[in-house]
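Asker: Provided below for reference: sequence and predicted model.
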Amino acid sequence: MDDDEEEIEEEEEDILEESIIEEFNEKNLIEVPSEERKSAPYLSLFELISIICTRVEQIQKGGEIYASAPSNIPMSLHHIAYKEVLTKNCPLSVRRIFYDHVEIWEVNELIITGRCISEIENVLPCDSIEFTAEKFVKEDL
């Protein structure tokens, strides 16, 4: 992809983001305080994948890494982003939009179910390492 194509792609992303914000503002949705949220405090597989991809993109662009990577094990950016979520060191939040309100959850306050962990470990690109949630959590204890 050359520079012109990248610029066009970035402009298209900006336009899409602006249109989403405008649509959001037109609906006059209310952001509810954290104590009034009604959705379950569980991270969905879709949200987890979206968070990991967003963090990978941020890290690729020079963003700070909030999880320690063992020096003796090569880790991909996907694994690092996943470890940030597992160890509750992720700087992102999840915005859940409903018909009349918006709930904002910090990723670190959401619960990750065992089913979600097993599903994400099946789809994450694996390097030559054995990659499991248990291994990462134990390393940080």
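Answerer: On my side now, so go ahead. Everything numeric here is computed off the predicted structure, so don't read it as measured data. Numbering: from 1, shown residues only.
Asker: any weak-confidence spans in this protein?
Answerer: Along the chain, segments meeting pLDDT under 70 span 1-27, 125-141.
Asker: again, only using 80
Answerer: By pLDDT under 80, the weakly predicted segments of the chain are 1-29, 69-75, 123-141.
Asker: Got the phi and psi for the residue nearest to Ile30 when sequence neighbours are not counted?
Answerer: Spatial nearest neighbour of Ile30, excluding adjacent residues (Cβ to Cβ, 6 or more residues apart in numbering): His101 at 4.9 Å. For every residue, glycine as well, the C-beta is placed using N, CA and C. When read as degrees, to the nearest 10, the backbone of His101 gives phi -160, psi 170.
Asker: Could you do the one 3 residues further on as well?
Answerer: The main-chain torsion angles of Ile104 are listed as degrees, to the nearest 10 and equal phi -120, psi 120.
Asker: Contact partners for it?
Answerer: By Cβ atoms under 8 Å, 6 or more residues apart in numbering, the residues touching Ile104 are 31, 34, 93-96.
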